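Chemist: Can you look at this prediction? I've put the sequence above it.
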Amino acid sequence: MSYKKPKMILFDVGGTLFDDGKCNPTQGFEALLQRAENPDVTTAEKLASHWDEFLAETEGFKSKSGVALDVPLSAVVKYATMKEGLKINLPVIEQEEIFDWFNSTRTVIDGVPELLEALKNLNIRTAVISNNMMSGESLALALKHWIPSSNFEFILTSADILFCKPCKDIFECAVNFAGLSVEECWYCGDGKIPDVDGGSNAGLSTVLLKVTELKPFSWEINSNNKEYLVINNWNNLTEYIKELSN
């Protein structure tokens, strides 16, 4: 089995480009409090409790056809801050960026910068599809900060259109927006169901990052009875794509 050289590779974010650790909303709200006009009206702990109640109320949020839907980060932040009477005179995208910056630890997955640099040199376009509460605009700021050399054409999140992976619609939106066919695109992620099954169901070639895999490079069969590539480090994918390009 072998893939054809793609015209574009689309990436997941959490567990694929970044390792974010555990979300700590209290720290995120503490950072927002410091930018508020009236920080004395509440505490970060109270704001975080509203975060928990909002997410508990919307847990399992689905469309009429059963597709999992995401709640935008801006909605949760606005709910928590306004319920406490907190006034933050900043654009929503900046509030998302501040909350994201402080609510978790973050490291870049090994091999990501080198892979993106190789794709740029090979004229292979890149973009992002992510199940993420952040808007594409605020996630783009995070990606550019942590991976300055990245050159993603666009960032599409489930918060932007509500539909979550593995729903094929989010993949189709991205591919059509790029002006390409699904046969010309790969999707890379670390989740078998949302990334491998979701991307494959939409017609894309898929790559799974599985860091616990002993083999550096192997082929497996997904739930759609289609082969997909498994690698245990992004450096292995870099070498594979370079071979396809020779």
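Modeler: On my side now, so go ahead. Numbers count the residues shown, from 1 in each chain.

Chemist: Which helix or strand lies directly C-terminal to the helix or strand hosting Phe54?
Modeler: According to DSSP states H and E, Phe54 maps onto helix 44-57. Note on helix 44-57: by DSSP H and E, the next helix or strand toward the C-terminus is helix 73-83.

Chemist: Distance check, the nearest residue to Ala80 once chain neighbours are set aside against Ala140.
Modeler: Leaving out its chain neighbours, the residue that sits closest to Ala80 by C-beta to C-beta, 6 or more residues apart in numbering is His50, at 3.8 Å. Where C-beta positions appear, they are placed from N, C-alpha and C, glycine not excepted. For His50, the distance to Ala140 (C-beta to C-beta, to the nearest Å) stands at 27 Å.

Chemist: picking that back up, what is the orientation angle of the helix holding Phe54 with helix 73-83?
Modeler: With axes from the mean of the first three to the mean of the last three C-alpha atoms, to 10 degrees as the basis, helix 44-57 and helix 73-83 are set at 130 degrees to each other.

Chemist: Any buried residues in helix 44-57, and which?
Modeler: When burial is assessed from 16 or more other C-beta atoms under 10 Å, helix 44-57 yields the following buried residues: 44, 46-51, 54.

Chemist: From the geometric centre of this structure, which residue sits farthest away?
Modeler: Distance from the centre of the chain peaks at Asp40, with 34.2 Å (C-alpha atoms, centre = their mean).

Chemist: And it, how close does it get to Ala80?
Modeler: 16 Å.

Chemist: And Glu117, by the same measure?
Modeler: From Glu117 across to Ala80, the span is 39 Å (C-beta to C-beta).

Chemist: ok, these two, which is more surrounded?
Modeler: Ala80 (24 against 15; other C-beta atoms under 10 Å).

Chemist: hang on, the earlier thing: mind checking the SS state of the residue farthest from the centre of the chain?
Modeler: helix (DSSP: H, G, I helix; E, B strand; the rest coil).

Chemist: Reformat the buried residues of helix 44-57 into CSV and put pLDDT next to each item.
Modeler: As requested, these are arranged in CSV below (pLDDT from 0 to 100):
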residue, pLDDT
Ala44, 98
Lys46, 98
Leu47, 98
Ala48, 98
Ser49, 98
His50, 98
Trp51, 97
Phe54, 97
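
Chemist: Leu244: which of those residues is nearest?
Modeler: Of all the buried residues of helix 44-57, Trp51 has the smallest distance to Leu244: 44.6 Å, by C-beta to C-beta.

Chemist: Now the phi/psi pair for Thr126, please.
Modeler: The phi and psi values for Thr126, taken as degrees, to the nearest 10, are phi -130, psi 150.

Chemist: gap between the residue farthest from the centre of the chain and Asn103?
Modeler: Asp40 is 22 Å from Asn103, by C-beta to C-beta.

Chemist: Could you do Ala36 as well?
Modeler: Per C-beta to C-beta, Ala36 is found 16 Å from Asn103.
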